[in-house]
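>>> take a look and give me a structure for this.
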Amino acid sequence: MITLPNRYSYLLRENAPKVLVEALKLFGTREIVGPLHSLEILKWAKELGMQREYTADEIPWCGLFVGVVVERADYNLVPILLRAKQWLKWGNPVPEPMLGDVVVFTRVGGGHVGFYVGEDATHLHILGGNQNNSVSIARFPKSAAVGYRRSPWRIGQPANVRKIHLSSTGILNPSVV
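So this is what the prediction gives:
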């Protein structure tokens, strides 16, 4: 059973998009700081055929997390999935993020990638890997986002793909339009 912080419990009522459902199953997975490594995270690398490139959970693993989620949701992967900015080549570009979209960020030393689960006035709330050494939900400045990508739907976009308005603490704020 998935346990989320209460403020994000609205996500447990979402039955789509499939990438979000798959990502939520991995919530709480943690890396092991130090010389040992998370067997779960290393299994993801093996599942994706990346065990030669990805050998330790000290290697940035946000792209690996998105990759295993996308693979389990039965979508094609990007060629160099460990690099966050490679995810700008996946799916379909969109001008604004909505529930379940991939969001790519720039930061000093590289990038970051995760899934949109909401936003407040200044930040995007992102479900991602390697956020405080775990799969968690964290806030990132909207100004750091460099692109948004939507799943390449096979049948049609799920009805619940929408903007999610939150307070800065992550509380659902349906009065904001």
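
>>> how many residues are close by residue 137?
21 (other C-beta atoms under 10 Å). To be clear about C-beta, it is placed using only N, CA and C from the backbone, and glycine gets the same treatment.

>>> strands of this structure, start to end?
92-93, 102-107, 110-119, 123-131, 134-141, 145-150 (DSSP state E).

>>> right, so of those strands, which gets closest to residue 45?
In terms of C-beta to C-beta, the element of the strands of the chain nearest to residue 45 is strand 123-131, at 11.8 Å.

>>> can I get the strands of the chain in TSV with mean pLDDT?
Output for these, formatted as TSV (pLDDT from 0 to 100):
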stretch	mean pLDDT
strand 92-93	98
strand 102-107	97
strand 110-119	97
strand 123-131	98
strand 134-141	98
strand 145-150	98
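
>>> now these as TSV including distance to residue 32?
TSV is the format used below for the strands of the chain (distance: least, C-beta to C-beta, whole Å):
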stretch	distance to residue 32
strand 92-93	36
strand 102-107	23
strand 110-119	21
strand 123-131	13
strand 134-141	11
strand 145-150	30
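
>>> any weak-confidence spans in the protein?
174-177 (pLDDT under 70).

>>> ok, longest helix in it?
helix 62-72 (DSSP state H).

>>> who touches that helix?
With contact meaning C-beta atoms under 8 Å, 6 or more residues apart in numbering, helix 62-72 is reached by 19, 22-23, 26, 41, 44-45, 47-48, 50, 54, 76-78, 81-84, 86-87, 90, 102, 112-115, 128-131, 135.

>>> again with stretch 115-126
By C-beta under 8 Å, 6+ apart, stretch 115-126 touches 8, 11, 19-20, 23, 66, 69, 97-103, 114, 127-128, 137-142, 145, 148, 163-168, 170, 172-173.

>>> could I have the buried ones of the residues you listed as ChimeraX selection syntax?
Filtering the contacts of stretch 115-126 down to the buried ones (16 or more other C-beta atoms under 10 Å) takes a single ChimeraX command:
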select :8,11,19,20,23,66,69,97,98,99,100,101,102,103,114,127,128,137,138,139,140,145,148,164,166,170,172
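
>>> returning to that earlier point: apply the buried test to the contacts of helix 62-72 and list what passes.
Using 16+ other C-beta under 10 Å, the buried members of the contacts of helix 62-72 are 19, 22-23, 26, 41, 44-45, 48, 50, 54, 77-78, 81-84, 86-87, 90, 102, 112-115, 128-131, 135.

>>> may I have stretch 116-129 as PDB, with CA atoms only?
Written as PDB, here are the backbone C-alpha positions of stretch 116-129 (Å, rounded to 0.1, in the frame of the first residue of the first chain):
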ATOM      1  CA  TYR A 116       4.200  17.000 -12.300                       C
ATOM      2  CA  VAL A 117       1.700  16.400  -9.500                       C
ATOM      3  CA  GLY A 118       0.800  20.100  -8.900                       C
ATOM      4  CA  GLU A 119       1.900  23.600  -8.600                       C
ATOM      5  CA  ASP A 120       1.600  26.700  -6.300                       C
ATOM      6  CA  ALA A 121       2.200  30.300  -7.300                       C
ATOM      7  CA  THR A 122       5.900  30.000  -7.600                       C
ATOM      8  CA  HIS A 123       6.900  26.300  -7.600                       C
ATOM      9  CA  LEU A 124       6.100  23.000  -9.400                       C
ATOM     10  CA  HIS A 125       5.500  20.000  -7.100                       C
ATOM     11  CA  ILE A 126       7.400  17.100  -8.600                       C
ATOM     12  CA  LEU A 127       7.200  13.300  -7.900                       C
ATOM     13  CA  GLY A 128      10.800  12.200  -8.700                       C
ATOM     14  CA  GLY A 129      13.700  10.100  -7.800                       C
END
